[in-house]
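1. I would like the atomic coordinates for the input below:
(chains A and B)
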Amino acid sequence: MLKNREELQQLRAACQKAFAAEEKKILVCTGTGCVSSGSLDVYAELVRLMKDAGIACSVELQKDPHGDEIRVTKGGCPGFCEIGPLVRIEPQGWLYTKVSVSDCEEIIAKTIKNGELIERLAYKLDGVVYAKKDEIPFYQKQKRLALEHCGEIDSDSIEEYLGVGGYVAFEKALFDMRADEVINEITESNLRGRGGGGFQTGRKWSQVARQTSLPKYVVCNGDEGDPGAFMDRSIMEDDPHRMLEGMMIAGLACGASEGYIYVRAEYPVAVKKLKNAIAQAEALGLLGDNILGTDFCFHMHINRGAGAFVCGEGSALTASIEGKRGMPRVKPPRTVEHGLFDQPTVLNNVETFANVAKIIENGAEWYKGIGPEKSPGTKAFAVTGNIKNTGLIEVPMGTTLREVIFDICGGMRDGGEFKAVQIGGPSGGCLTKDDLDLPLDFDSLSRVGAMIGSGGLVVMDSNTCMVEVARFFMNFTQNESCGKCVPCREGTKRMLEILERIVAGEGREGDIELLLELADTISHTALCGLGKSAANPVVSTIKNFRDEYEAHIKEKRCPAGACEKLKKIWIDPDLCKGCSKCARQCPVDAISGKVKEPFVIDSAKCIKCGACISACAFHAVKEG
Amino acid sequence: MEKNFDFTLVDEILDRYGCKESAMIAILQDIQEHYRYLPREIFPRLAKRIGVGEAQIYGVATFYENFSLEPEGKYVFKVCDGTACHVRKSIPILERLRSDLGLREGQTTTDDGNFTVATVSCLGACGLAPVLTVNNKVYPAMTPDKASELIESLKKELENAEK
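-> Purely as a prediction, here's the structure:
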């Protein structure tokens, strides 16, 4: 138990010394991605082989480090999920990709014993071998602040967090700054909420600090519900102390002594890591009563969600922590006045809290130097979909979509053609080719009717039908509508019905206008953010891809060839040799014709089973 | 409803959380973890000890997706249908699972009580899309054929366990 500032500084200095002395190191990624492709087995095998070979190795940070010992550690996720399991070799900085248990022997024999690079395990792109992690194009344009420790330290160890300068900011805020100075620093930095809204964090904090009613609460929104976003999961799993530190600083600044973390049910690993981190911080006396001999007390609690997207909304989230149905309420009063248990509450998301410590440590001026003036700092994006390098990246705000998709993430997968990217999940909109040079920041995006949201970027190629995408999101929102207000409960249902009939080829004249009218009404009258933004994907796909909607409705045709019910199978008369093989394969006798003349398919009978396509030796049977 | 329901475990869980109303979700989660669903017998007991109406607890239990009032299978498949998995074709995987297990429309658990198939909005493993989990173990980059193989291997596992 640390009793005062000096003891914390001594412990940190010892950890930093130990950390710096670890020259040789093997870091195995243990993020969800790499674990499911077998990284834990790789880790165990490496440890076993080294022990068998009599190589001195340690799995924990050593108090008295000696240079020749090799550390094997679980390093968390560096974000490049596409090429996992990842193993990094230090001090060379080499990154081995898609490592399997059978590669371990070679890694020990060549790399560990002789310092040789195993070229076949290194990352390659266009014939160039990139041995070092930092040289890989995926990392070159990134700037990792919130994610800086992900993939670098063992998240199960508070010593490692201290070893990279952990809790320096909390210490500074606790001993060297007054509460109003902390808030000023955050306000000055212009840090804006990373969860979607982009509200200024400093303003929120000062509003809570002003309240006189006690107790006050700090709540962390870890209910990362937007499908396609997983940066918060990565922070909670790989750098839990960074987030706790941010929450503690918020508590200090606003006069709160209780913190609640609400984690969604789908993230069991995050819950485990956070529980462990809290226990470690409590054991050291960084959480609890009279922290480091001061009169500041702070207690942390974890609440697991139970599967309700709407709980990402502030008032629904606090209701859920209170053990109630997670339904939003009318605002005002706002969460800053009447939040959790009806008391003043600071509610921020995981990534926002993860930025706090850096700002306190380095100052607002430093932070403002990154990214554009009105949206400073960096933003983590989860890039997924039809793209070559899926994964988690962090770039300065204002980086263009083109840089993210083509420079960092390597462009489209399987040679596909870029069509659109959905940003901001089911509340967001889509961006098209014309928006590729748009800087990604709060204001530029809201100008084109999109939003950064939580930072999920789902990239879609020309085989994706935008009407079907809109239907998919509406189906999601409709399922997740809590049912409290009529516009959202009934409105989204009607919109879904219309979208369903359009993709089924039963769209009617006037459906587009009806969708837009419903969208307008719902966004103006729904109770909470979920309802207000539910129609965004529909409005934005109509705006950018109206011709696709029209093709579905008027011509009963899906231009992307994706909508199953609108698929037609036909025979190209120029290629058909009239062999009759397809007609013999057809289970419903839909194909007819004269031998040696082109055959035809009766689309009324055709069940689209595709038997004819595989039967044809001349590729004459086409789909689309 | 069973008349002789054993409340030992439920009481233990209630004691652990001090019968607090704010711990309602955690209490239900712990009960479900044990029984793999929420038996109807527990509601009057919870209501009495927490000091709220049965309807309120029922309201919470039915509001959240994760709670089930019906027993789930020994193996619970959760097919991710988040955006990233959806655009990389998760639905054919779901359809294959359902047809291989002979699930009728609207049915989620097989008649023998061994398998449950559900969808989930996002597992946060988008880099490996499409994914599914079986009892929380993540299976990356799935295809319909891989899903069929997975069912076969789980069925063998069950057979061996019975022997």
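
2. which residues touch B:V134?
-> Listed by Cβ atoms under 8 Å, 6 or more residues apart in numbering or on different chains, the contact set of B:V134 reads B:Y75, B:V76, B:F77, B:K78, B:L150, B:L154. (Glycine included, C-beta is placed from N, CA and C.)

3. Please apply the same query to A:K358.
-> A:K358 neighbours (Cβ under 8 Å, 6+ apart): A:L145, A:A169, A:Y367.

4. What's the first helix or strand after whichever strand or helix holds it?
-> Using DSSP states H and E, A:K358 sits within helix A:350-362. As assigned by DSSP H and E, the chain's next helix or strand after helix A:350-362 is helix A:364-368.

5. name the helices or strands packed onto that following helix?
-> Using 3 or more Cβ pairs under 8 Å, 6 or more residues apart in numbering or on different chains; DSSP states H and E as the contact test, the elements touching helix A:364-368 are helix A:179-189, helix A:350-362.

6. Partner strands of the helix-or-strand element of chain A with minimal mean pLDDT, with direction?
-> The weakest-scoring helix or strand in chain A, judged by mean pLDDT, DSSP states H and E, is strand A:57-58 (a mean of 80). Partners of strand A:57-58 in the sheet, by DSSP bridges, are strand A:70-74 (parallel).

7. buried sites along the partner strand?
-> Buried residues in strand A:70-74, counted by 16 or more other Cβ atoms under 10 Å in any protein chain shown: A:I70, A:R71, A:V72, A:T73, A:K74.

8. Count the neighbours of A:I607 for me.
-> Neighbours of A:I607 under the rule other Cβ atoms under 10 Å in any protein chain shown: 11.

9. How much space separates the closest residue to A:E509 other than its chain neighbours from chain B?
-> Leaving aside its sequence neighbours, A:E509 sits nearest to A:I553 (Cβ to Cβ, 6 or more residues apart in numbering or on different chains; 6.9 Å). To chain B, A:I553 is 23 Å away according to Cβ to the nearest Cβ, to the nearest Å.

10. Near A:I553, how many other residues are there?
-> So A:I553, with other Cβ under 10 Å, has 20 neighbours.

11. Now do the helix or strand where it lies, average pLDDT.
-> If you go by DSSP H and E, A:I553 is part of helix A:536-554. Helix A:536-554 shows a mean pLDDT of 96.

12. about what we covered before: could you identify which of the helices and strands packed on helix A:364-368 is most buried?
-> Most buried of these, by mean neighbour count (mean count of other Cβ atoms under 10 Å in any protein chain shown): helix A:350-362, with a mean of 26.

13. so that one versus helix A:179-189, what angle?
-> 110 degrees (axes from the mean of the first three to the mean of the last three Cα atoms, to 10 degrees).

14. Okay, strands next: where are they in the stretch 351-500 of chain A?
-> A:378-385, A:391-396, A:418-423, A:429-432, A:456-461 (DSSP state E, counting those that start in this stretch).

15. These: which one's closest to chain B?
-> With distances scored as Cβ to the nearest Cβ, the stretch of these nearest to chain B is strand A:378-385 (3.5 Å).

16. what's the offset of the closest one from the middle of its chain?
-> Centroid displacement of strand A:378-385 relative to its chain, using Cα atoms, centre = their mean, to the nearest Å, is 6 Å.

17. Name every strand pairing with that strand and say which way it goes.
-> Strand A:378-385 is paired, per DSSP bridges, with strand A:391-396 (antiparallel), strand A:456-461 (parallel).

18. I'd like the mean pLDDT over the first one, please.
-> The one in question is strand A:391-396. 93.

19. what do you get for the last one?
-> On average, the pLDDT along strand A:456-461 is 92.

20. and the helix holding A:I553, what does it pack onto?
-> By 3+ Cβ pairs under 8 Å, 6+ apart, helix A:536-554 packs against strand A:418-423, strand A:429-432, helix A:466-480, helix A:486-503, helix A:511-525.

21. residues in contact with the nearest residue to A:G75 once chain neighbours are set aside?
-> Taking Cβ to Cβ, 6+ apart, and ignoring the residues beside it in sequence, A:G75 has A:L27 as its nearest neighbour in space, at 3.5 Å. Contact analysis of A:L27 by Cβ under 8 Å, 6+ apart lists A:T73, A:K74, A:G75, A:V87, A:R88, A:E90, A:G151, A:E152.

22. Is A:L27 bridged to anything, and to what?
-> Going by DSSP bridges, A:L27 forms beta bridges with A:T73, A:R88.

23. Distance check, it against A:K324.
-> Between A:L27 and A:K324 the computed distance is 43 Å (Cβ to Cβ, to the nearest Å).

24. A:E245 now?
-> 30 Å.

25. Neighbour count: these two, which is higher?
-> Neighbour totals were compared for A:E245 and A:K324, and A:E245 leads with 28 against 19 (other Cβ under 10 Å).

26. Now do the one helix or strand the more buried one maps to against helix A:350-362, angle only.
-> Under the criterion of DSSP H and E, A:E245 resides in helix A:240-254. With the same axes, to 10 degrees defining the directions, helix A:240-254 sits at 70 degrees from helix A:350-362.

27. what about helix A:240-254 and chain B, any contact?
-> No: Helix A:240-254 does not reach chain B (Cβ under 8 Å from any Cβ of the partner chain); its nearest approach is 15.4 Å.

28. Can the helix or strand immediately after that helix in the chain be said to contact chain B?
-> Counting by DSSP H and E, the next helix or strand C-terminal to helix A:240-254 is strand A:258-263. No: Strand A:258-263 stays clear of chain B (Cβ under 8 Å from any Cβ), getting no nearer than 10.1 Å.

29. average pLDDT for whichever helix or strand comes after strand A:258-263?
-> Next helix or strand after strand A:258-263 toward the C-terminus (DSSP H and E): helix A:268-284. Confidence for helix A:268-284, expressed as mean pLDDT, is 96.

30. Let me see the ranges of the helices in chain B.
-> With DSSP state H as the criterion, chain B has helices at B:8-16, B:24-35, B:42-50, B:54-63, B:83-87, B:91-100, B:144-162.

31. Pull the residues that contact stretch A:5-24.
-> Residues contacting stretch A:5-24 (Cβ under 8 Å, 6+ apart): A:2, A:61-71, A:90-91, A:112, A:159-160, A:162-168, A:171, A:174-175, A:284, A:286, A:292-293.

32. give me the number of residues near the residue lying closest to A:G31 once chain neighbours are set aside?
-> Nearest residue to A:G31 in three dimensions, chain neighbours excluded: A:C77, at 2.7 Å (Cβ to Cβ, 6+ apart). Counted with other Cβ under 10 Å, the neighbours of A:C77 add up to 28.

33. circling back: same list (the helices and strands packed on helix A:364-368) but as TSV, adding distance to A:S446.
-> Putting the helices and strands packed on helix A:364-368 into TSV (distance: least, Cβ to Cβ, whole Å) gives the following:
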stretch	distance to A:S446
helix A:179-189	21
helix A:350-362	18
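
34. want to throw the ones you listed into a markdown table with distance to B:C19 and mean pLDDT?
-> Output for the helices and strands packed on helix A:364-368, formatted as a markdown table (distance: least, Cβ to Cβ, whole Å; pLDDT from 0 to 100):
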| stretch | distance to B:C19 | mean pLDDT |
| --- | --- | --- |
| helix A:179-189 | 36 | 97 |
| helix A:350-362 | 31 | 97 |
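
35. doesn't A:F230 make contact with A:L147?
-> No: using Cβ atoms under 8 Å as the test, A:L147 is too far from A:F230 to be in contact (11.4 Å).

36. More neighbours: which of these two?
-> Between A:L147 and A:F230, counting by other Cβ under 10 Å, A:F230 is the more crowded of the two (35 against 27).
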